[in-house]
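Chemist: Build me a structure from this.
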Amino acid sequence: MSLKPRRVDFKETWTNLLGTVEGVITCGQVKRATWNDRFSDVYALCVAFPEPLGDQLYNETKSFLEDHVSKLHMDVCESGEENVLAIYHRHWREYSKGSNYLNLLFGYLNTRLYKKTKKSDADRIYGTFTGSSEEFTGSSEDNVLEIGKLGLDIWKRLMITGDNWLIIKRFDVLLKLLLKEIKKDRLGDSINQGVIQGVILSLVNVEQYKKKRPLQLYEELFEEVFLDETGSYYKQEANKLLDEFSCSEYMEKVSQRLDDENLRSRKFLHGSSYSKVTHKCQEVMVAAHLSFLHSECKIMVQKEIRHDLKNMYNLLHPIAGGLEVLIDHQQKHTKHLGLDAVSNLKGDNIPQQFVENILEIYTQQRELIQSVYSGDLKFIGALDRACTTVVNHRPSQRVPCKSPELLAKYCDTLLKKSSKGMSENEVDDKLTNSVTVFKYLDDKDIFQRFYARMLARRLIYAQSMSMDAEEAMINKLKQACGYEFTNKLHRMFTDISISRSDLQNKFSAFIKDEAIDLGISFSILVLQAGAWPIGQSNLPTFSMPQELEKSVNMFESFYNKSFSGRKLTWMHTFCSGELKLNYLKEPYFVTVGTFHMAILLTFNNSITCTFADIMESTRLPEPELVKQIQTLVDTKIIVTQDSSIVDEKSALMLNMGYINKRTKFKITTTVQKDTTQDVEHTHTAIDEDRKLYIQAVVVRTMKARKILKHNLLIQEVKSQSKSRFSPSISMIKKCIQSLIDKQYLERTPKSTDEYSYIA
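Modeler: Next comes the predicted model:
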């Protein structure tokens, strides 16, 4: 066939084409040869000479489709109610499929129409195109649409939304029947799912070609009515269930209804309606009865009825503000459990009881949140708040919180060599868990002080179970609080490493080069004064035993040659030595402190010594000497001739009948134990550090801001200090006043609650 334009008899060609159009729109049998010939006919009419006949073909096709849909509408109207949905669905399925094929048949006509009606972007922007945007969506009857879109538009006008009262009446019947069938499905009766779904989705598919609001017809004609009917149905259902069942059973029934309706939405409705239907059901069955559900939360939380709590969470979670009451009860319950677990602890292992009881509550509640509340962050936040309250609880405001000290002691127990029966992995797991408790501490600086003191003792006396474990714990604290928090701990660790390897090797080489025999095995630790929590004030006077003088002098000589400008201060209270007791039936090796060593060495020349002799030899102050000798008397290495209580008149002698099950043992010095005075001194030092820290924050803030209101300055100080401790308002005020006295700040003349920085 030639593609050249030619004269065409429209009436004859349309007659041939009409038969095929009827077959296509009704999904009848059309032979392939006939189908191909009709493509040629459409092309011939569109390029006919001398005048293209495309417009006439379009109008005739439109008229045919309008007549065809009108006949289908009459068929639907004349059918009984029991058959309306099935007949409508059958006609729609046939017609929509036929429209698609018809659109293919008239493909060339569609192309010509598109070129004819298309406007450029310039026309739309600069005004030559004055038509409304709806022209390109096909929503107006007078618009020129592609044949497929035209068919859908005609169906919408003549079958669904036309002005004819018969169309309106029939669609109302159709809508009522749809709602009736869906209600039957809710009641468990069998219905034709395919028909119901097809009729409902026809309201979507009939406008699928629209670019703007393609779901408008579906939403306005069906969805709004369906949601109202759904709300009314489930409102009655909820009231009925409340009368018949308990709260637990009610939640079960509501959850089942929600699941059923969710499934029903997927069987019948368009995807855009799923969430709307669920929201409507939740609104009338859950949100409308929040007070009833909230009233049952407390007892469920206290008894930890997991199944009911899970149902409660699932129902309340989608409701705005629905979870607040449940979260509050869960937080109070966790707080109550925690306070019960840490109150009235007794025994020798209180630190272990304290930490492990808190961790047990935390682990239990965290697992409950994961399994019952799906790990909801709001509940995790409530758990954190409850644990913070428990960990920082104090019986009285006058009594400092014991938690930092107990946690430090717990870590000390784990890291000491005495932690028997645990592998390194078990210790590491327990230390990791202890960091969980540490994160809840408000007074992290108190923990830091106690931990540093205990770490110092472990490092100095070589009591650490593992240096790797020590370093791992410091790194855990660093991750939790930052480098500044663990800076001194790292420096302590570094000092020990340098002293026991590099420094000791250099000193040994120095002794060897000088060809000096010290006569004893001598090792030394050199510690940085600013890093270690060891006070250098109030050190007792002490005369070094002659047996140690040579070693001490040689090390000082070596150190002064190696490092100029450094001053060594000997911390005798932290030193120790090993003595061999040769005066007994069998030799014993005892590790003692330096003071004990000096006392025992005075007995080298005589079995008996007076208190005055020992005091003259050691030059220790009387109170300190009494304390040191009393320890040796208590261990029965030396005895008093008249009384077990040591004083300045005591006569002392070696216990020649001393017996010990162990041939090697250790006498612990008082410095290796925590006393009440040490704890009080630590808290006093912490208070002083806090004042300096707050003053530094105030100065730093005022230097940057220049002028600041009192309340804003208080807030800024609390914000910057919260990572270390929670400062009291009174302490902040005292620090501000101290800075005013020191002329760092001044009150502005304009206002008494405003400060300015003095440069």
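
Chemist: Surely Asp443 is in contact with Ser728?
Modeler: No: the criterion here is Cβ atoms under 8 Å, and Asp443 misses it with Ser728 at 11.5 Å. All C-beta atoms are positioned from the backbone trio N, CA, C, and that covers glycine.

Chemist: what residue ranges in the stretch 551-700 of the chain score low on pLDDT?
Modeler: Low-confidence segments of the stretch 551-700 of the chain (pLDDT under 70): 643, 669-678.

Chemist: circling back: higher neighbour count, Asp443 and Ser728?
Modeler: Asp443 (20 against 12; other Cβ atoms under 10 Å).

Chemist: quick one, what contacts that one?
Modeler: Asp443 makes contacts with Asn392, Cys401, Ser403, Pro404, Phe725, Ser726, as judged by Cβ atoms under 8 Å, 6 or more residues apart in numbering.

Chemist: Ile358 now?
Modeler: So Ile358 contacts Gly338, Ala341, Val342, Cys387, Val390, Val391, Val437 (Cβ under 8 Å, 6+ apart).

Chemist: swap in His329?
Modeler: Cys297, Lys298, Val301, Gln302.

Chemist: quick one: which of these is most hemmed in?
Modeler: Val301 (23 neighbours).

Chemist: is it true that that one touches Val325?
Modeler: No: with contacts counted by Cβ under 8 Å, Val301 stays clear of Val325, the gap being 10.0 Å.

Chemist: Just the pLDDT at the residue nearest to Tyr440 when sequence neighbours are not counted, thanks.
Modeler: Spatial nearest neighbour of Tyr440, excluding adjacent residues (Cβ to Cβ, 6 or more residues apart in numbering): Val391 at 4.2 Å. Looking at Val391, its pLDDT is 93.

Chemist: center of this protein, which residue is that?
Modeler: Leu377 (6.1 Å; Cα atoms, centre = their mean).

Chemist: what about the residue nearest to Tyr440, neighbour count?
Modeler: 26.

Chemist: rewinding a little: what is the nearest of the contacts of His329 to Lys703?
Modeler: Val301 (49.8 Å; Cβ to Cβ).

Chemist: show me what contacts Pro727?
Modeler: Pro727 neighbours (Cβ under 8 Å, 6+ apart): Arg690, Ile694, Val717, Lys718, Ser721.

Chemist: List phi and psi for Met653.
Modeler: Dihedral angles of Met653 (phi, psi; degrees, to the nearest 10) stand at phi -150, psi 160.

Chemist: State the distance from the closest residue to it other than its chain neighbours to Asn655.
Modeler: Of all residues beyond its chain neighbours, the one nearest Met653 is Thr608 (4.2 Å), with distances taken as Cβ to Cβ, 6+ apart. Distance, Thr608 to Asn655, using Cβ to Cβ, to the nearest Å: 12 Å.

Chemist: more neighbours, the two?
Modeler: The neighbour count for Thr608 versus Asn655, taken as other Cβ under 10 Å, is higher for Asn655 (17 against 12).

Chemist: Give me the buried entries from the contacts of Asp443.
Modeler: For the contacts of Asp443, a burial check counting by 16 or more other Cβ atoms under 10 Å picks out Cys401, Ser403, Pro404, Phe725.

Chemist: so can I have CSV of those showing pLDDT, secondary structure and distance to Val355?
Modeler: CSV is the format used below for the buried ones among the contacts of Asp443 (pLDDT from 0 to 100; DSSP: H, G, I helix; E, B strand; the rest coil; distance: Cβ to Cβ, whole Å):
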residue, pLDDT, secondary structure, distance to Val355
Cys401, 86, coil, 14
Ser403, 91, helix, 9
Pro404, 91, helix, 12
Phe725, 81, coil, 20
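
Chemist: wait, which of the residues you listed is closest to Lys253?
Modeler: Ser403 (46.4 Å).

Chemist: Next up, the contacts around the closest one.
Modeler: Phe354, Val391, Asn392, His393, Val437, Leu441, Asp443.

Chemist: now do Ile305
Modeler: Ser248.

Chemist: From Thr602, how far out is it?
Modeler: 73 Å.

Chemist: Equivalent analysis for Met544, please.
Modeler: 13 Å.

Chemist: same thing with Thr618?
Modeler: Taken as Cβ to Cβ, the span from Thr618 to Thr602 is 7 Å.

Chemist: So what's the predicted local confidence for the closest residue to Asn100 other than its chain neighbours?
Modeler: Once flanking residues are discounted, Asn100 sits nearest to Gly148: 6.1 Å by Cβ to Cβ, 6+ apart. On the pLDDT scale, Gly148 is placed at 91.

Chemist: I'd say Gly148 and Ser99 touch.
Modeler: Yes: the pair Gly148 / Ser99 is scored as a contact, 5.3 Å apart, by Cβ under 8 Å.

Chemist: mind listing what's buried in the stretch of helix or strand Asp172 belongs to?
Modeler: For Asp172, the element it lies in under DSSP states H and E is helix 165-186. For helix 165-186, a neighbour-count test (16+ other Cβ under 10 Å) marks Ile167, Arg170, Phe171, Leu174, Leu175, Leu177, Leu178, Leu179, Glu181, Ile182, Asp185 as buried.

Chemist: Can you tell me which of those residues lies closest to Met285?
Modeler: Nearest member of the buried residues of helix 165-186 to Met285, counting by Cβ to Cβ, is Ile182, at 17.3 Å.

Chemist: And that closest one, how close does it get to Asp259?
Modeler: Distance from Ile182 to Asp259, by Cβ to Cβ: 16 Å.

Chemist: And the strands in the stretch 451-600 of the chain?
Modeler: 576-581, 588-593 (DSSP state E, counting those that start in this stretch).

Chemist: Among those, show me which one is buried the most.
Modeler: For those, the largest average neighbour count (mean count of other Cβ atoms under 10 Å) is found in strand 588-593, namely a mean of 20.

Chemist: what distance separates stretch 495-509 from the middle of the whole chain?
Modeler: On the basis of Cα atoms, centre = their mean, to the nearest Å, stretch 495-509 sits 46 Å off its chain's mean C-alpha point.

Chemist: With just CA atoms, put that stretch into CSV.
Modeler: Output of stretch 495-509 as CSV, limited to C-alpha atoms (Å, rounded to 0.1, in the frame of the first residue of the first chain):
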residue,chain,number,x,y,z
ASP,A,495,55.5,6.3,83.7
ILE,A,496,55.3,2.7,84.8
SER,A,497,56.2,1.4,81.4
ILE,A,498,59.2,3.7,81.1
SER,A,499,60.5,3.1,84.6
ARG,A,500,60.3,-0.7,84.4
SER,A,501,62.0,-1.0,81.1
ASP,A,502,63.9,1.9,79.7
LEU,A,503,64.9,3.6,82.9
GLN,A,504,65.8,0.4,84.8
ASN,A,505,67.9,-0.9,82.0
LYS,A,506,69.8,2.4,81.8
PHE,A,507,70.5,2.4,85.5
SER,A,508,71.7,-1.2,85.4
ALA,A,509,74.0,-0.3,82.5
